[in-house]
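Visitor: fold the stuff below for me.
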Amino acid sequence: IATGSYGVAESQGYSDGETFPFELALANCRQIVGVTDLPVSVDIEAGYGPAPDDVARSAAAMAGAGAVGINLEDRAPGETVLLSPAEAAARVAAAAKVGVWVNARTDVFLGKQPGELGPALIDDTIARAEAYAAAGANSLFVPFLGDHPTIAAICARSPLPVNVLWAPGRGTTAELAALGVARISYGHGPWAAAM
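Guide: Reported below is the predicted structural model:
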């Protein structure tokens, strides 16, 4: 079972972007873990802190609360510019040393318009995937992908299993699996539907 930071924060009256206090995020993790025998993965956004050591502390605390995995973004809260691959990889490495599954998220495609899409973004995504894999990531989350040829190209070249964000029109589970997708996330979709 995976959480999404947007829906979790909004359901508690906070906005996305690490405004949801970390202690409440921990309590939320404990509540979920306490009612299921399934493994739980928690979205900790950018890791709740500016340095790799902060990320390690956050990942360790979530593991202590019962999480088996985390999502970790490669941009700071509220920022559109991504961290450099080396900076992001250092943060991935810090979390990986804790022993949790690290679903390393890259926002290479965030906010891109159709005219901006192309091979360069795929190459950037794969370069980041390689850096994150070398740092100990277990999977790669590439949200905001819509077209199937791009998804297939990333899945074919990524050294990590690929996680995509589902939205209406993105295809069925079977169609995405046929492209090589290993994990499908629903982001804030279930929360938005409930609202």
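
Visitor: ok, which stretches of the chain are helices?
Guide: Ranges of helices within the chain are 5-11, 22-33, 52-64, 85-96, 119-134, 148-157, 173-178, 189-194, based on DSSP state H.

Visitor: what comes up buried for stretch 165-172?
Guide: Buried residues in stretch 165-172, counted by 16 or more other Cβ atoms under 10 Å: Leu165, Trp166, Arg170, Gly171. The way it works is simple: take the backbone N, C-alpha and C, and place the C-beta from them, glycine included.

Visitor: ok, the last one - contacts?
Guide: Gly171 makes contact with His148, Leu179, according to Cβ atoms under 8 Å, 6 or more residues apart in numbering.

Visitor: go with 10 Å
Guide: Neighbour list for Gly171: Gly146, His148, Ile151, Val164, Ala177, Ala178, Leu179, Val181, Ile184 [criterion: Cβ atoms under 10 Å, 6 or more residues apart in numbering].

Visitor: pLDDT added to those, as CSV?
Guide: Output for these, formatted as CSV (pLDDT from 0 to 100):
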residue, pLDDT
Gly146, 79
His148, 95
Ile151, 96
Val164, 98
Ala177, 98
Ala178, 98
Leu179, 98
Val181, 98
Ile184, 97
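
Visitor: closest one of the residues you listed to Val8?
Guide: Nearest to Val8, judged by Cβ to Cβ, of the contacts of Gly171 is Ile184 at 18.3 Å.

Visitor: is it true that that closest one touches Val164?
Guide: Yes. When contacts are counted by Cβ atoms under 10 Å, Ile184 is listed as touching Val164 (6.1 Å).

Visitor: quick one: which of these two has more around it?
Guide: Set Ile184 next to Val164 and count neighbours by other Cβ atoms under 10 Å: Val164 wins out with 25 against 16.

Visitor: coming back round to it: which of the contacts of Gly171 are buried?
Guide: Buried members of the contacts of Gly171, counted by 16+ other Cβ under 10 Å: Gly146, Ile151, Val164, Leu179, Val181, Ile184.

Visitor: and the residues you listed, which of them are in strands?
Guide: With DSSP state E as the criterion, strands contain Val164, Ile184 from among the buried ones among the contacts of Gly171.

Visitor: just put the buried ones among the contacts of Gly171 in JSON lines and tack on distance to Val42.
Guide: Converted to JSON lines, the buried ones among the contacts of Gly171 look like this (distance: Cβ to Cβ, whole Å):
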{"residue": "Gly146", "distance to Val42": "26"}
{"residue": "Ile151", "distance to Val42": "25"}
{"residue": "Val164", "distance to Val42": "19"}
{"residue": "Leu179", "distance to Val42": "27"}
{"residue": "Val181", "distance to Val42": "21"}
{"residue": "Ile184", "distance to Val42": "17"}
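
Visitor: for Gly66, state which of the buried ones among the contacts of Gly171 is nearest.
Guide: Comparing the buried ones among the contacts of Gly171 against Gly66 with Cβ to Cβ picks out Ile184 as the nearest, at 23.2 Å.
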